[in-house]
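[1] Fold the following for me, if possible:
(chains A and B)
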Amino acid sequence: GAGVSQSPSNKVTEKGKDVELRCDPISGHTALYWYRQSLGQGLEFLIYFQGNSAPDKSGLPSDRFSAERTGGSVSTLTIQRTQQEDSAVYLCASSLRGSAPYEQYFGPGTRLTVT
Amino acid sequence: ILNVEQSPQSLHVQEGDSTNFTCSFPSSNFYALHWYRWETAKSPEALFVMTLNGDEKKKGRISATLNTKEGYSYLYIKGSQPEDSATYLCAFPSGGSQGNLIFGKGTKLSVKP
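    Predicted coordinates for the structure are as follows:
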């Protein structure tokens, strides 16, 4: 079946511009996660959606970052006024449920470069 | 703050060698421990989700063990092949039974033919 998809695969933007990254999770998965990996760093949690509950935004690094999930499916991560330190690979994952033993299935990522 | 540690950071082995790496995690409030494999230019791929102390899981030449009381898991690769070259990540749920995973920085394995 179809896996997690993300678009665009690569994005180069100028400092100060806004960007939107999209994630299409696996159909039927109630939990959706955004992570990022900056150069030389491990995978860092950003935000987590579970069903219709309020998202866990505790990992968002600043108020320039926001995300929404429409209709319990597609999610968009928005970064406003991008900075060079936002350059990273942004990964989306989904899982059948949000509880610990469920595997998270990752998309291919969006590589964001802020110049 | 929960911390997941992996060692070694990187490993270079010859084809046919067997190898293993370690993941250390908090031993209290354990729910699950995840292992992922991340090849360059691909998505991280789930290898194992381990939930029981003493659990041992196997997938082909790769196996993993779990000790929840002392807070560690080992990943073993028997007879490494060049296609095993990847970064191996372990991850621990941040909020008990729910929510996102906290990832270690990974062990980068390079297998030379």
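[2] where are the low-confidence patches of chain A?
    A:1 (pLDDT under 70).
[3] and it, which residues reach chain B?
    Chain A comes close to chain B at residues A:3-4, A:33, A:35, A:41-43, A:45, A:48, A:50, A:56, A:59, A:91, A:93, A:98-109, as judged by Cβ under 8 Å from any Cβ of the partner chain. The C-beta positions use only the backbone N, C-alpha and C, and glycine is treated the same way.
[4] same thing but at 7 Å, please
    On the criterion Cβ under 7 Å from any Cβ of the partner chain, chain B has as its neighbours in chain A the residues A:33, A:42-43, A:45, A:48, A:56, A:59, A:98-101, A:103-104, A:106-109.
[5] Emit the PyMOL select command for whichever of those residues are buried.
    Selecting just the buried residues from the residues of chain A next to chain B in PyMOL takes one command, with 16 or more other Cβ atoms under 10 Å in any protein chain shown as the test:
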select buried, chain A and resi 33+42+43+45+48+56+59+98+99+100+103+104+106+107+108+109
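[6] what sits opposite A:Val114 in the beta ladder?
    Here A:Val114 shows beta-bridge partners A:Thr13, assigned using DSSP bridges.
[7] now swap in A:Gln37 and tell me
    Checking A:Gln37 by DSSP bridges, which sets the bridge assignment, gives partners A:Leu43, A:Val89.
[8] same thing with B:Thr22?
    Partner residues in beta bridges with B:Thr22: B:Ser7, B:Tyr74, with DSSP bridges as the criterion.
[9] For the helix or strand of chain B with the lowest mean pLDDT, enumerate the helices and strands it packs against.
    Sorting the helices and strands of chain B by mean pLDDT, DSSP states H and E puts strand B:98-103 at the bottom, at a mean of 83. Contact analysis of strand B:98-103 by 3 or more Cβ pairs under 7 Å, 6 or more residues apart in numbering or on different chains; DSSP states H and E lists strand A:43-50, strand B:86-95 as its packing neighbours.
[10] For those, give me JSON lines that also has distance to A:Gln83.
    Formatted as JSON lines, the helices and strands packed on strand B:98-103 follow (distance: least, Cβ to Cβ, whole Å):
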{"stretch": "strand A:43-50", "distance to A:Gln83": "15"}
{"stretch": "strand B:86-95", "distance to A:Gln83": "25"}
